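Q: Pasting the sequence and the predicted coordinates here, then a few questions.
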Amino acid sequence: MSNGARAARRSVAALAGFLVVAGLQLAVVLAILWAVLWLLPSAFALRVGVPLSIATVGALGYATWRALHTRLRIPAGVAVTRADAPKLWELVDKASEAAGVSAPDGVTVVADATAVLGERTRALGFVGGRRDLYLGLPLLMVWDPDRLRAVVTHELAHSSPRLSRWAPLAYRGRVAVGRVVPRISRRNPAGVVLRAYAGYYRRVDAPFSRAQELAADRIAGEHAGVKPAVAALRDLPALAGMQQLFHAEYLGPGWQAGYVPDDVFGGLLRVFAARAADLTRLRGQEPEPSGPWDTHPPMAERLAALAASSEPIASPAAPDPAASPASSVASASSAAASASSAAASASSAAASASPAASAVTEEQASRDPSGAEESKEEAELPEAPVEELVPHLPKLGLALQEVAFPTGARTVVGWDQCLSVARTSEMEREAEAALATLSRAAGTPVTGPAQVLDLVADGRLRTAAGTLFPQGTPEETTTRIVELLGLMIALAALRSGVVRWRHSWTGAAEVVGEDGAYLNLAELAAAAADPVTVGEVRAYLDKIGVDLAAPAGGGGPARARVLGGLVNLSADGERTDLLITDLGLYLVPGLPRGRTPEAKRRLTRAAAEGVPASVVPGEAAPEGNATPEGKGAPEREAASSGNSDIGRFVAFADVAAVTTLPGRRRGWVLGLRSGGNLTLRPALDADELPGGWSAWGDAVAFLAGTR
């Protein structure tokens, strides 16, 4: 028997151990219970023992089932049938044949830059089910068929029996356990033993899991060619990193402000084309492990193993990894050029990536002549013909946008307007929080830029800043004052229509005059910080048309960015769910016991929409359907218990103190500036959205350190 076969059998045996441990746990508890009852009088033991045994087995059995059961999360996407994309399915079929497995039951195009084979297994993977291949639209937009062939073959080869006939079961079980164990609640009485056994299982399975990953790489290299396989290995985490940047800098802020661009993936395509240098940098980085259940060996080890494998004759179109940035830009240019004719009405932002690359080149040349030549060389590379694996790809992108980023109550606008509103909304949120804090420090209402300049003129702004930052040096206090004044002046100029945003797909946006001229707001803010020259600044602003009393635009209420969520807490004795945001806490009346999954879905939808920072009782709750990551988004449902789900927002600025209560079930008392306290405790069935307790710990530490 080969080493791989022995390792596979050990892995499967260790997997079966979960079921054995679960059964033994029930047996041991029953044995202890009956040993205690045996010491009691027989008549009493008979009357009490049977019902108690049934209750114990039922409770522990249910807890064990909860610990070992979880639903497979199915990402939002658009199914692509064989009739829709016969060439793509032909690629998948040949990859399946090379891996020695059956073709997947379906192919779904999703929003993330990923390639995953999902299987709906049961009994910890011992029973297989429907298999679906999830392919990210970004891969279809910028990759050539050889790289797609490599990554699809790798995913299918995870279940290849070439290492052992036990290998498919071992892989299914590993994936199932990796989903189940991290989700076992700390309050689950059956979870302690199962988590401990999971550590043993991971150690037993680790050698074979690494061997399977390297074998999948080798099969991909044999079928698609070593060079495309290497390029795909380097590109996949790089594209995922660029997509995260795209969500954080471009899509997310507008989404939080209540706007969505008319062509999400067209903007992503332009970021890929404009940021070739960033892609190159990301390709050279070692990707971080996704967690303790990540089965992938280090990138260097995988690349070395591929290089050592015998390379068959590669396709002439196989890209050289060293030239991958250029080929990615060329592929992006080609895909975006076809978008203009197929979806011109809704895809104006991505009508042509080649002009976008040229515009980026010109902008970089004006700012950094040393880098202009390299960018121009990449932009002018000839475009190689790319096989059309998915016909009408731009239309597929628009269909996917409706599923992954449904507009709901958001306003659909062009990219330029979306980015402008998003940046202004961020500044409005920052200004609102700063003015509230400044008002308390100054002892008088400060509602806008005009009042801030008034405080400068009579010297009270520096006094208030010294109160807020007592440990700061005079230079640090001056810096904070100048930053505040810069924010206020920029907001007043934007509200007055004197300046506008100029956006770039390669860097940060900047505020410029309406005619595009550069406006030195930093100098104006520095002059405005001096009581001697603040009058001159005020006169200059009035001269160029800046109205310091101009109201905020109609972009809707400021929205707080959600950092995490907790389900099933007690707030002053009432069952409550909680969202932790960057501006405060959003409390929603909770659902009755036994409805935790529903409560988590409701809170996830609420988190996706973003919380208005001015939520008050009676205000209509926001609506929406999805997050920028493609998850479901909020439609607020009324709790069937009779509680309204209209939330209560407690701003951090309104919290005067925080006290942590001792005990096994810790609690927290928030002292409010308006008087009274808010006491929070976790219920016995408390749960969290991903990162919820971590975000709560950070919030408590922030409040404790600043109050």
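A: Sure thing, it's come through. Numbers count the residues shown, from 1 in each chain.
Q: In the stretch 551-700 of the chain, where is pLDDT below threshold?
A: 553-559, 610, 612-646, 663-665 (pLDDT under 70).
Q: err, the stretch 201-350 of the chain, not the other one
A: Within the stretch 201-350 of the chain, the segments meeting pLDDT under 70 span 289-291, 310-350.
Q: could you pull out the strands for it?
A: Using DSSP state E, counting those that start in this stretch, the strands of the stretch 201-350 of the chain run over 259-261.
Q: Could you do the stretch 501-650 of the chain as well?
A: Counting by DSSP E, counting those that start in this stretch, the strands of the stretch 501-650 of the chain are 510-513, 559-560, 562-571, 574-581, 584-589, 611-612, 648-651.
Q: Dump those to TSV, plus distance to residue 537.
A: For the C-beta atoms, the positions are set from N, CA and C on the backbone; glycine is no exception. As requested, those are arranged in TSV below (distance: least, Cβ to Cβ, whole Å):
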stretch	distance to residue 537
strand 510-513	16
strand 559-560	31
strand 562-571	37
strand 574-581	34
strand 584-589	33
strand 611-612	34
strand 648-651	31
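Q: Kindly list the longest helix within this structure.
A: If you go by DSSP state H, the chain has its longest helix at helix 3-38.
Q: That helix - contacts with which helices or strands?
A: Applying 3 or more Cβ pairs under 8 Å, 6 or more residues apart in numbering; DSSP states H and E, one finds that helix 3-38 contacts helix 42-68, helix 167-180, helix 191-224.
Q: per-residue confidence averaged over it?
A: Here helix 3-38 scores 81 as its mean pLDDT.
Q: got it, and stretch 434-454?
A: Here stretch 434-454 scores 89 as its mean pLDDT.
Q: That one: end-to-end distance?
A: End-to-end distance of stretch 434-454 (Cα to Cα, to the nearest Å): 16 Å.
Q: What residues sit buried inside the longest helix of the chain?
A: Using 16 or more other Cβ atoms under 10 Å as the test for burial, helix 3-38 gives 4, 7-12, 14-15, 18, 21-22, 25, 29, 33, 37.
Q: ok, the residues you listed vs residue 604, which is closest?
A: Closest to residue 604 out of the buried residues of helix 3-38 is residue 18 (28.4 Å), distances taken as Cβ to Cβ.
Q: Run through the residues that contact residue 268.
A: Residue 268 makes contact with 138, 141, 243, 246, according to Cβ atoms under 8 Å, 6 or more residues apart in numbering.
Q: Would you convert these into TSV that also reports distance to residue 220?
A: Shown next, in TSV, are the contacts of residue 268 (distance: Cβ to Cβ, whole Å):
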residue	distance to residue 220
138	19
141	21
243	22
246	27
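Q: Most neighbours of all these, which one?
A: Among those, the one with the most neighbours (other Cβ atoms under 10 Å) is residue 141, at 28 neighbours.
Q: Surely it touches residue 265?
A: Yes - using Cβ atoms under 8 Å, residue 141 is in contact with residue 265, at 7.0 Å.
Q: Quick check: the gap between residue 12 and residue 124.
A: Separation of residue 12 from residue 124 (Cβ to Cβ, to the nearest Å) stands at 11 Å.
Q: which residues are common contacts for these two?
A: Common neighbours of residue 12 and residue 124, counting by Cβ under 8 Å, 6+ apart, are residue 173.
Q: Spatially nearest residue to residue 16, not counting backbone neighbours?
A: Nearest residue to residue 16, sequence neighbours excluded (Cβ to Cβ, 6 or more residues apart in numbering): residue 126, at 7.8 Å.
Q: Isn't the one you found up against residue 166?
A: No - Residue 126 is beyond contact range of residue 166, at 11.7 Å (criterion: Cβ under 8 Å).
Q: Compare the two and say which is more crowded by neighbours.
A: residue 166 (22 against 16).
Q: Now do the contacts for the residue nearest to that one when sequence neighbours are not counted.
A: Among residues not flanking residue 166 along the chain, residue 8 sits closest, at 3.9 Å (Cβ to Cβ, 6+ apart). Taking Cβ under 8 Å, 6+ apart, we find residue 8 in contact with 163-167, 170, 208.
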